[in-house]
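> pasted the sequence and its predicted model underneath.
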Number of protein chains: 2
Amino acid sequence: MATPHPTKEGFTYSPAAGLKRGVVTEGAIRPLQSLSAKADSKPFDVIVIGAGYTGLSAARDLTLAGRSVLLLDARDRIGGRTWTSQIDGEKFEMGGVSFPRDIRYSLLARVARTASDVTALPQTWIHWSMGYVWREIQRYGLDQRLSITPNELFPDFSFNKTNFNGQVIQEPFKANFQMCEDAFRRFCDVDGHNGATVIPIATQVVKGVLVNEELVKKYDQYSIADRIAEVRAKNICSERELAFLIPWFVLSWGARPEDASLLELIKWARHGENSFSFLAQILWCYRLTDGQSHLARNIFEEARRTERLCWSFETIVSSVTDRHGSVEVQTSKGTYKALKVVSTLPQNVASKVRFDPPLSALRQEAFSIKHVGQGHKIHSIFNRPELRSGVWNAWHETNDPPYELAAAFGDHTLRDGRVSVVAFGGGNSAKNLPSQDPTKIRRWLKDVDPIFSEAYEGSVWHEWIDDPYAQGHWNMHPPNYYTRFHLELQKPHGNVEFASADWADGWKSFIDGAIEQGTKAAYRINQELQQRPRSSRL
Amino acid sequence: MATPHPTKEGFTYSPAAGLKRGVVTEGAIRPLQSLSAKADSKPFDVIVIGAGYTGLSAARDLTLAGRSVLLLDARDRIGGRTWTSQIDGEKFEMGGVSFPRDIRYSLLARVARTASDVTALPQTWIHWSMGYVWREIQRYGLDQRLSITPNELFPDFSFNKTNFNGQVIQEPFKANFQMCEDAFRRFCDVDGHNGATVIPIATQVVKGVLVNEELVKKYDQYSIADRIAEVRAKNICSERELAFLIPWFVLSWGARPEDASLLELIKWARHGENSFSFLAQILWCYRLTDGQSHLARNIFEEARRTERLCWSFETIVSSVTDRHGSVEVQTSKGTYKALKVVSTLPQNVASKVRFDPPLSALRQEAFSIKHVGQGHKIHSIFNRPELRSGVWNAWHETNDPPYELAAAFGDHTLRDGRVSVVAFGGGNSAKNLPSQDPTKIRRWLKDVDPIFSEAYEGSVWHEWIDDPYAQGHWNMHPPNYYTRFHLELQKPHGNVEFASADWADGWKSFIDGAIEQGTKAAYRINQELQQRPRSSRL
C-alpha cells in the first residue's frame, strides 16, 4: 500500500465536529508536479488530460510502449469519479457504481476458510465478466485481495423496507430479492426476446454487425417512465414489484425515471443475461479489499516506474490547440506541447475547454446536453449495529421534489461496532446540497425511514453534482442521446483522442469502460507514432 | 488480411484426390526465421517458447515494453492449438473449443440489417465476458468483424438427432435445447447451491479468498461418470436428458466421462451462471469473421512492428539451462541466450524438454500425467444442403471402444451450396487416426447417422492426438489433477516462467486463458527487468 495523503476533496460532517472539507486517500500523489520549470518548452509524445481510470490506463500503456507522457489533472489525486477515502483506518468508496450485495452470496461467508477472510469492506464492485478491469486486477495480483461484504455480526441482509408513495412495506430480504428476479426480467423484456432483438451483443449498441439501427433508435426514444407506464397499463408488473424497481432505477441512474434512457436499462439487462441475480453478482458483490484508489495507484506506479511519465495535478486545462502536427495544451500551470493528446474530459465538463480547430457541431451539441447522473452518495455512521442488515428503498412519484434519497443499505460494520449505511439519491440539484447544510442528511435519511433519526454520528461524501471536474457521478443518458451522439463522441479530432467511460462500448459508465477507452486510445496513438522515432525527451 | 502461406500441418482427404498433408493459413509466417547467423551469440531480454496465444501475447507485451524477444516455435505457423485453414476461399477452424450455436440467437439473423451482414463462418467462438480475448478483439477493431452462424438457406438448426446406446431419438432442436437448459442446471447442481459453495468465484478454483480447499478437493475426486451414476441413482435427470448431456460432455472434454473431472464441469457451469443457454452464448455463438489465425496474426504483427521481435519457426527446443542469471535455450536451429524465458509448452509435451536445474518433483509428476482432451475434430463436406440444419449426438456407453465421434452439427454452407459438417470425438486413441486410413471418417460419421454415408465429398482436420507439439487438443483434467497440480504448474522456475492456457485461472483451456497467462508472465518479467538497462540488442 502506498502512503495515503490528504486531498482537498470529500466532506465529513458530524454534529460534534461540524463540516470539514478534505480526507485522506491513497489516490493523492506527491509531489503534485513532477515537472521542472524548463520542461514547458520540450514536447511530449502524448499529453493525457485527466487521471481517472481512462487517463491512467492510457498513460500506463503509452509509457510502457516507450512514449513520453504528461498526465494532467485538475484534482490533487488520481481516480476521477472513483476514489477511496480513509478515516481512522476505515475505507469509504466515494464514487463509482455501488449497490447492495447479492443475497445468494451469503453462503459464501459460510464456506470461506476463516472468518477473517471475509471482512467488512468499502464499496465499488467488480466482476470477472468485466474483462478490462479484471485483467488489471489479475496483473497486479489483486484478485487475491478480493472480498464480499458479509461479516460476523450480520452475515446477511435480513430485511427490505420500501417506502413507496408514502406506503411502507417491510419484508424479508430474501423474499424481496426473489420477487426482483422475476419482476426485473418482465420489466426489461421489451421485445418478447429479453431485449436480444434490440441489443444482440451487449457491447455493441449503435454500431456492430448485428445492430438494427431503426430498432435501437425506436427504443432510445423511451424513458424508463414510459416503460413504467406501459408496464402498468399492461399489468406486466404489480405495484408491489414497481415499489422496489422504481427506486432501484432512480439509484442506478441517479435520475428520475422520466429523465433516464430505457435503452441503457436494456443494455444493463443484456450484460446480465436479464437476470437480476446475475446483475447483482456483477454490480454489487465482489470488491477490492484495498479500495479502488489502490488499484488506480498500481496503474499510476507502473507508469511511473518506466521513467517516462511526468505529471501535474491541480492543473486546469483551458484550451487545446492542434496545429502543424503538434498539439498545445494551455493550463493554469503552463503551456505544454505534444504530438498527440488524449482528452478524458467527462461529457458534463468537456465544453469548458476551448478546442482549436473547433469541435464538430454535433460533438459540441453532445457536450452541451448534460447526462442525468445527478445523485447523492452519502455514507453515514450509526451506533446501531442492526442497521447493517437492512436495505431501504424510497420514492414518492407525486412529490415535487421527491425524496432526496432513493435507496440505502447497511454497508459495513466498523471495527468499533458502529455501522456505515450508504444512501443514494437521484435527480438531485446543485441548489440543494448537503455541504450547504449538512444537517439535511439526517432529515433526508429520516424521510427514507424514521429509524435513521436516532444514533446518527456523522457522514462522509463527495459532492459529485457540483464537482467542477465532473458535474455528476457515473454517466447515464437521457432518452435520444445514445443513438444521436455515441459514435460522434468516440471519434478522434485531429491529433486529439476523446476517451471516456461516458462513451465506452462495453461497460459504459463503469471502471471497466474507462479502462476500455484508455486502452483503445493508447493503442491507436501508439500505432500512429510507431513510424516516428522514439522521444529522447526523458 | 495478411497473405496466407502453406503450412505442413492439417490434412485434407477426398475419395477423388486422396489424402494430402498441409493447407494454407494466415498463421504461416514468412520468412520462417528472422535471425542472422551471428545472432546466436548475443543475448535477448526474453526468449518465448511457443507461438500460441500465450506466447504471442507475452511476446507482444514484452516487445511493446521495450524488451528484445526471440519467439520460438516447433511449428511453421503461429496459433498453437488454434488456427484457421483456407481452402478455395473457405475458412475452417482447425482447433479451439467449438460447438453448435445457441438456438436463441436465430432471431438475430432476422434483425440484422442485411442478409450479407450474417455470413457463413468458420468456428471458434469468443464472448465479451471473456475479457482477455475481448480486449484484443476490441483493440484491433475486430469486434466489427464479428458474426454468428445463421445463413439465408438455413437460418436455424431445425432438428436434434441423438443416437444413445443404439436408440435413436429425433426431435426439434428448440425442444431439445429447452430440455438442456433445465437438465444441465440439475446435473451441475452438486451442492444445492448451483456449485457456488464449491467454486464461489469462477476464476479462482484452488486459490482465493473464498476458496474452501477441503470442499474443492472433495469434488475434484469425482469424474463426470461418478456424477452420472449419482444423477441416475437419485433420478435427478431422465435417461432422455442424459442421452443428450453425456455426448455433450464427451465432446466438451474430448474424453470419456470416467476420465473427465467433475470439478472442471462445475467451473464451466459457474462461468455460465449454471445456464446452458448462457454458456451456449459464451461458448458457441459469436465468431471472428476472419478466423482465429487473423487475430493471432494481429498480435504477431503488433510485436513485429516494434522492431524488437526476432522469431524462429520449425525450431525444436531440447533443453533450457538457467545458470548465473542467464538462460540458455538449446534448439534444433542453434543455442540462444536470454535473461528470462517464458515456456508455453503444453502440459502433454513439456516433459520432452530437459530443464537444468531440474523441475520440482511435483511439476515433473504433473507433466508425466496427460490431460484427457483426446478428441477428433473433423470438418466434412457434403453435397446435401439440409445437413446444415442438423445437430447430432451419439454415444454408446457399453461399446468398447464407443463411437469414435460423439457429436456433429451443420457448421456452414459453402458458397457453392455444399455444407460443412463438423464432428467431434472423445477418448480417442493415437492407434486409430483418420490420417492412417481416411476412409474411416465416413464410417465413423455413419455410426452417428447413416445419412452421412451419402453425398460425402471429403474432409479437413488437424490430427491433434498425435501432434508432437500438443498431444491432445484443449486441456481437460482427469479427476484429482486440479487440486494437486494447478498451483505448482503456475510457479516460475528460476528465470523461467511457465505460462499456458492449460493452467490459466480464468478460462482455462480457452484462448482467453492463454492470453491471461501470457499477459501475467509478461507483466512479471517486465517488472523484474525494470531495474536493468534496456537492451540495445536490436
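On my side now, so go ahead.

> for chain A, longest helix please?
Counting residues, the longest helix found in chain A (DSSP state H) is helix A:511-529.

> in that one, what's buried?
Buried positions in helix A:511-529, judged by neighbour count with 16 or more other CB atoms under 10 Å in any protein chain shown: A:511-526, A:529. Backbone N, C-alpha and C define where each C-beta goes, glycine included.

> out of those, who's near chain B?
By CB under 8 Å from any CB of the partner chain, the members of the buried residues of helix A:511-529 lying near chain B are A:516, A:519-520, A:523, A:526.

> pull the longest helix of chain A out as PDB, backbone CA atoms only.
The C-alpha trace of helix A:511-529 is given here as PDB (Å, rounded to 0.1, in the frame of the first residue of the first chain):
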ATOM      1  CA  ILE A 511     -14.500   1.500 -14.400                       C
ATOM      2  CA  ASP A 512     -14.300  -1.300 -16.900                       C
ATOM      3  CA  GLY A 513     -15.500   1.000 -19.700                       C
ATOM      4  CA  ALA A 514     -13.000   3.700 -18.600                       C
ATOM      5  CA  ILE A 515     -10.100   1.200 -19.000                       C
ATOM      6  CA  GLU A 516     -11.500   0.100 -22.400                       C
ATOM      7  CA  GLN A 517     -11.400   3.600 -23.600                       C
ATOM      8  CA  GLY A 518      -7.900   4.300 -22.300                       C
ATOM      9  CA  THR A 519      -6.700   1.000 -23.800                       C
ATOM     10  CA  LYS A 520      -8.100   1.800 -27.200                       C
ATOM     11  CA  ALA A 521      -6.800   5.300 -27.300                       C
ATOM     12  CA  ALA A 522      -3.300   4.200 -26.300                       C
ATOM     13  CA  TYR A 523      -3.300   1.500 -29.000                       C
ATOM     14  CA  ARG A 524      -4.300   3.900 -31.700                       C
ATOM     15  CA  ILE A 525      -1.800   6.500 -30.800                       C
ATOM     16  CA  ASN A 526       1.000   4.000 -30.400                       C
ATOM     17  CA  GLN A 527       0.300   2.600 -33.900                       C
ATOM     18  CA  GLU A 528       0.300   6.100 -35.300                       C
ATOM     19  CA  LEU A 529       3.500   7.100 -33.600                       C
END
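
> check which helices and strands it sits against.
For helix A:511-529, the packing partners by 3 or more CB pairs under 8 Å, 6 or more residues apart in numbering or on different chains; DSSP states H and E come out as strand A:44-49, helix A:53-64, helix A:131-139, strand A:334-343, strand A:496-498, helix B:131-139.

> what's the angle between it and helix A:53-64?
Angle of helix A:511-529 versus helix A:53-64, following axes from the mean of the first three to the mean of the last three CA atoms, to 10 degrees, is 40 degrees.

> returning to what we had before: to residue A:297, which of the helices and strands packed on helix A:511-529 lies closest?
Nearest to residue A:297 among the helices and strands packed on helix A:511-529 is helix A:53-64; the distance by CB to CB comes to 9.2 Å.

> packing partners for that closest one?
Secondary-structure packing of helix A:53-64 (3+ CB pairs under 8 Å, 6+ apart): strand A:44-49, strand A:69-72, helix A:131-139, helix A:292-305, strand A:334-343, helix A:511-529.

> would you mark the buried spots in that helix?
Applying 16+ other CB under 10 Å to helix A:53-64 flags A:53-64 as buried.

> out of the helices and strands packed on helix A:511-529, nearest to residue B:288?
For residue B:288, the closest of the helices and strands packed on helix A:511-529 is helix B:131-139, at 7.3 Å, according to CB to CB.

> CA atoms only for that closest one, dumped as PDB, please.
What follows is helix B:131-139, C-alpha atoms only, in PDB (Å, rounded to 0.1, in the frame of the first residue of the first chain):
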ATOM      1  CA  GLY B 131     -12.100 -10.300 -21.000                       C
ATOM      2  CA  TYR B 132      -8.600 -11.000 -22.200                       C
ATOM      3  CA  VAL B 133      -9.600 -12.100 -25.700                       C
ATOM      4  CA  TRP B 134     -12.300  -9.500 -26.000                       C
ATOM      5  CA  ARG B 135      -9.800  -6.800 -25.200                       C
ATOM      6  CA  GLU B 136      -7.600  -7.900 -28.100                       C
ATOM      7  CA  ILE B 137     -10.600  -8.100 -30.400                       C
ATOM      8  CA  GLN B 138     -11.600  -4.500 -29.500                       C
ATOM      9  CA  ARG B 139      -8.100  -3.100 -29.700                       C
END
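
> got the contact list for it?
For helix B:131-139, contacts defined as CB atoms under 8 Å, 6 or more residues apart in numbering or on different chains pick out A:128-132, A:134-135, A:203, A:505-506, A:516, A:519-520, A:523, B:53, B:57, B:126-128, B:142-143, B:146, B:288, B:295, B:298-299, B:506-507, B:510-513, B:515-516, B:519.

> between it and helix B:511-529, how many degrees?
Going by the same axes, to 10 degrees, helix B:131-139 makes 90 degrees with helix B:511-529.

> which pLDDT value belongs to residue A:113?
Residue A:113 is assigned 39 on the pLDDT scale.

> now do the helices in chain A.
Ranges of helices in chain A, per DSSP H, are A:53-64, A:106-111, A:131-139, A:173-188, A:213-220, A:224-233, A:239-253, A:262-271, A:276-284, A:292-305, A:361-368, A:439-448, A:482-490, A:511-529.
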